[in-house]
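J.: quick one: sequence plus predicted model below, questions after.
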Amino acid sequence: MFDRRDFLKFIGGGAVGTLATPVIWQGLDDVSIWTQNWPWIPRIDKGNNKNVYVRTTSKLCPSAAGLRVRLVNGRPVRALGDVDHPLSRGGLSALAAAEVQLLYSPARLRRPLKRSDDGTYVAISWDEAQSILTEKLAAAKAQKSLFCLSGDENGTMNEVLSALTARAGSNDFYMMPSDAQSTAAAWRAMGGTGRVGYDFANSDYVLAVGAGVLENWGPVVANRRAWGQARPADGKLAMRVAYAGPMQNNTAAGADLWLPVRPGADTAFLLGLVHELAASGSVPEGFAPLKDLAAKWDAEHAAAVAGIAPASIVRVAKELREAKAPLVIVGSETGQGCPAAPVILGIALNIMLGRLNRDGGMRALPVAAPALEQAMSYDRMMQQDFMAAAAAMAAGKRAAPALFLAYEANPVYAMPAPGVDKLIEDAGFSVSFSCFLDETARRCDLVLPAAMGLERFDDVVTPYGVGEAVYALSVPVARPLFEARAAGDVLLTCAANAEMKLGFSSYLNVLRAKVRRIGGVEWETLLKGECAVTRRVEPVLELALPMQILKEAAQAVPDKPAKGALAVATVTKRAFGTPDSGLPPFATKLVGKDIAGSALTARMNRATAEKAGLREGQMIRLSAGKASIPAKVVLFEGVAQDSVALAAGFGHTDFDSFNDGKGANVMRLFSVVEEPGTGLAVWSCPDVTVAKA
Amino acid sequence: MVIDLDKCTGCGSCMVACQAENNVAPAEDGTNRIKTLNWMTVYQLSNGKTFPEHDTAYLPRPCMQCGKPSCVSVCPVVATAKDENGGIVSQITPRCIGCRYCMASCPYHARYFNWHDPVWPAGMEKTLTPDVSVRPRGVVEKCTFCHHRWQAAKDAAYAQNRDPMKLPEDAYQTACTKACPNGAITFGDVKNPAHKVHQLVKSPNAFRLLERLGTEPQVWYMSRREWVRRLGDNYLNNEITKG
């Protein structure tokens, strides 16, 4: 009989047997492996793979970082640094590092799209798209009404677009607003020749006001490389940086000194420095009126207005005086432009310090002649004021254009004023040449898929902020994906068909002509990834201080925020992309305290929060006039008093799953104002009121 | 590896480069700390003071490749082991059964679990490098000091009849080291006097995280700022920091 004892023996025997046999354990091991080998998990190419490295320059990242792209069996897989490239010296910005993967972004435009009457988009063939574009160009020429907006910061595509505009009998070629334009406006107001360059790498003390020189300003990769090499981990520090801005951002984190100058008070801080430097030494010839203007801006007064300690101004002035090669760089936090007056003061400080056209100082760089006959000169391009034109058209002071063409630009997202939406709506026909189906493309009648920087021939001509004139080619590492095409070639073809010949049949030929204009370098050398560099400077013979502009700026420093209001400081990180690139899929993990869940964070220090009656984690609405955005309060002590820090680059509405539903677009709070004295259209964010949500 | 915390500005280039080099899938919500895989993670540090005395720093944290790895001793299937030759703590993902014991054991939170199968947007899987296998769900992964680059450097040395265990400094560098524009990361063989790290680890400003746990991490940090060094361990208020 099978009794309890037998049962227990059976169980005991079974337990020992189970432990002794390998079947169970091997079976479990196999199950754990074979339940993981699902077919939807991508396999890599094992075995002998052909690895090729192509040298190029990034068109995506405003820093124009030099890249070596690794190709495996002809496929681009990695963007690596290029130690020999003068615009990077081996490092990579977080945006350039994500560039290869961005080729396959879900937001990538695949084929030409035409807008139907009901607002939906229909895919069309390139033949149809080109014939539409040709027809609209011809119509624009007949009406002498073509409006071109370029998002390219530094390439010869701007010559093609401006020449096209000129051939249509129009003057409406514009570039997206940037610090380059503010700096050019300042230099022009002073009567300067050439264009402003900052020789960061050779400086031993850099004062950056607003400009994020260690994160997103100018040739940031090359500058960070120089800064890092000047500061060995266990050695002497050969370069110091002081950063003046309302937020303790990445630049402030690396800087030796953070001056929490409140938003809008840069002019006060700079005037304080002018006062200190003028008081301790002689001023250059012609600077007496500036010394007079700065007379009342002693350290106490300037510091009180700027919201910092007077000792800081005295310290910075002293450090600038004592440095061997000091350099003052003034810019905006967003990189989208600032008033010209603080830039003029920054340039004035460089002159007072004797740094004009010196190594490690501010250098007047030469500008190469355009390759296309009817292209606008660099100076003229910098003077063209997009926001003013859009505002005039929105206000009915100017007729809307017959044809609006945006090239790799996303003004609907990036520009604060509602004028842009109206401009596109009122235009006879609108075209967007874009890599991604972004907010601007979604408002245009015709959307054309552009080849990305890694998929086309292009160039980089002395990007803004470099200390010496540089020319580099950008070469394709892969064929354009889907049906994307290089915009330059499409435009030249359509222009020729519309009887608007520009003298070149392909963009490659335009680039060859540009290289000939640059002179002194062979096309083949550039194709291999070398750059053309010259240390030549333009002699600066007559400079004048535009005192009227400076006087008006000195009077226009905004007051501290009223009770219940906060001043806005924007935070820009290179990793978050540009308005037309969006946040790359490979950079989503870099979002720190910029976003909380799906809400934009409103960072402020505890004293500010308590004064405003707010606590950590609270949802609020920040309003400027009729515009308002939601945000979540996050306490961070690295924000100036009565200020709130908001990250730029979020709040995309129609981009892709990596971008949508994240935060709010801080630019909604901004509006355009005219700078007194220069007439320059500048962003301004008024103080925001806070409401609990 | 020696990381100069006075040079890290928190840009995240190292994080992006690591992700691209090691075939880590992109995450739609990168702020979900539990579900996001970051072999290299950059933390933000604070000196704890209020405005305007507040100071901040950034700390990139790869796997410490500990000399006495606590994760190795707890793995029930030997999916992780300490390599005596190069000192890299290996992670063999096909062998991992996903028990996550090593994650519980690691004091640096340097190990990450694949809760889901990796998903690449259509076509983006074409940018996978052929050097690092793609991991399925259910396994733990971590920084490997770009072990594949070391393999490639050793192979090249063999092919050229050089000693693979005496590589010149620039023969093997991790992706994060090369990506950093500031040069905050220095990488090399700490036992080789010709490599920079050999000298840097002797600096009075050099420290390791949670040294007193006895894990013997192979990642040193350096800072001239005492408050940064102080954050490297759980110091009592009256204890003096190194350096």
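T.: Right, received. Where do you want to start? Note that the structure is a prediction, hence the values are computed from the model and not measured.
J.: and for the nearest residue to A:S170 once chain neighbours are set aside, the neighbour number?
T.: Sequence neighbours aside, A:L146 is the residue nearest to A:S170 in space, at 4.6 Å (criterion: CB to CB, 6 or more residues apart in numbering or on different chains). Every residue, glycine included, has its C-beta placed from N, CA and C. A:L146 is flanked by 27 other residues according to other CB atoms under 10 Å in any protein chain shown.
J.: before we move on, what about A:E215?
T.: When neighbours are defined as other CB under 10 Å, A:E215 has 27 of them.
J.: again with the one 5 residues further on
T.: A:V220 has 31 neighbours, counted by other CB under 10 Å.
J.: B:G30 versus that one, what's the distance?
T.: Distance check for A:V220 against B:G30: by CB to CB, to the nearest Å, it reads 22 Å.
J.: show the contacting residues for the nearest residue to A:V540 once chain neighbours are set aside.
T.: Across the structure, with CB to CB, 6+ apart as the measure, the residue nearest A:V540 apart from its sequence neighbours is A:A364 (5.1 Å). Under the criterion of CB atoms under 8 Å, 6 or more residues apart in numbering or on different chains, the neighbours of A:A364 are A:G192, A:T193, A:G194, A:R195, A:V196, A:G197, A:L356, A:N357, A:V537, A:E538, A:P539, A:V540.
J.: ok, A:Q36 next?
T.: The contact partners of A:Q36, by CB under 8 Å, 6+ apart, come to B:P94, B:P136, B:R137, B:G138, B:V139.
J.: just these that are near chain A?
T.: Restricting those to those adjacent to chain A (criterion: CB under 8 Å from any CB of the partner chain) gives B:P94, B:P136, B:R137, B:G138, B:V139.
J.: I'd assumed B:A79 was in contact with B:C96.
T.: Yes - between B:C96 and B:A79 a contact is recorded at 4.0 Å, counting by CB atoms under 8 Å.
J.: quick one: which of those two has more around it?
T.: When B:C96 and B:A79 are compared for neighbours, B:C96 comes out ahead with 25 against 21, by other CB under 10 Å.
J.: did I read that right, that one in a helix?
T.: No - the assignment for B:C96 by DSSP: H, G, I helix; E, B strand; the rest coil gives coil, which leaves it out of any helix.
J.: check what pLDDT residue 59 gets.
T.: Reading this off chain A. According to the per-residue confidence, A:K59 scores 97 in pLDDT.
J.: let's do chain B instead
T.: Here, the pLDDT recorded for B:L59 equals 98.
J.: excluding chain neighbours, what is closest to it?
T.: The shortest distance from B:L59 to any non-neighbouring residue, by CB to CB, 6+ apart, is to B:Y43 (4.7 Å).
J.: near the one you found, how many other residues are there?
T.: B:Y43, neighbours per other CB under 10 Å, totals 14.
J.: swap in the one 10 residues further on?
T.: A total of 9 residues lie near B:E53 under the criterion other CB under 10 Å.
J.: three-state assignment of it?
T.: In terms of secondary structure, B:E53 is coil; the call rests on three-state DSSP.
J.: what sits against the closest residue in space to it that isn't next to it in sequence?
T.: Among residues not flanking B:E53 along the chain, B:N47 sits closest, at 7.6 Å (CB to CB, 6+ apart). For B:N47, the residues meeting the contact criterion (CB under 8 Å, 6+ apart) are B:E53, B:H54, B:D55, B:T56, B:R225, B:W227, B:V228.
J.: please apply the same query to A:Y378.
T.: Residues counted as contacts of A:Y378 (CB under 8 Å, 6+ apart) are A:R195, A:V367.
J.: ok, so what distance separates it from A:K632?
T.: Relative to A:K632, A:Y378 is positioned 43 Å away (CB to CB).
J.: swap in A:Q618?
T.: Spatial separation of A:Q618 from A:K632 under the definition CB to CB is 7 Å.
J.: looking at the two, which is more packed in?
T.: Here A:Q618 and A:K632 are compared on neighbour count by other CB under 10 Å; more neighbours surround A:K632, at 20 against 16.
J.: need the pLDDT of that one.
T.: Looking at A:K632, its pLDDT reads 97.
J.: how near is whichever residue of chain B sits closest to chain A to B:G30?
T.: At 2.8 Å from chain A, B:P181 is the closest residue in chain B, using CB to the nearest CB. Look at B:P181 and B:G30: by CB to CB, they are 21 Å apart.
J.: how about the residue in chain B sticking out farthest from the centre, nearest residue that isn't a chain neighbour?
T.: Outermost residue of chain B with respect to the C-alpha centroid, by CA atoms, centre = their mean, is B:P52; its distance is 32.6 Å. Using CB to CB, 6+ apart and skipping the chain neighbours, the partner closest in space to B:P52 is A:P260 (5.6 Å).
J.: same check on A:S312?
T.: In space, A:S312 comes closest to A:L259 once its chain neighbours are excluded; the distance is 5.3 Å by CB to CB, 6+ apart.
J.: ok, now which ones touch that neighbour?
T.: Residues in contact with A:L259, defined by CB under 8 Å, 6+ apart, are A:A242, A:Y243, A:A244, A:G245, A:F269, A:A306, A:I308, A:S312, A:V316.
J.: just say helix, strand or coil for residue 221.
T.: No chain specified, so I'll use chain A. Assigned by three-state DSSP, the conformation of A:V221 is helix.
J.: try again with chain B
T.: On the basis of three-state DSSP, B:Y221 is classed as strand.
J.: repeat that for A:I329.
T.: A:I329, by the three-state scheme (three-state DSSP), is strand.
J.: before I go, just wanted to say thanks for your time.
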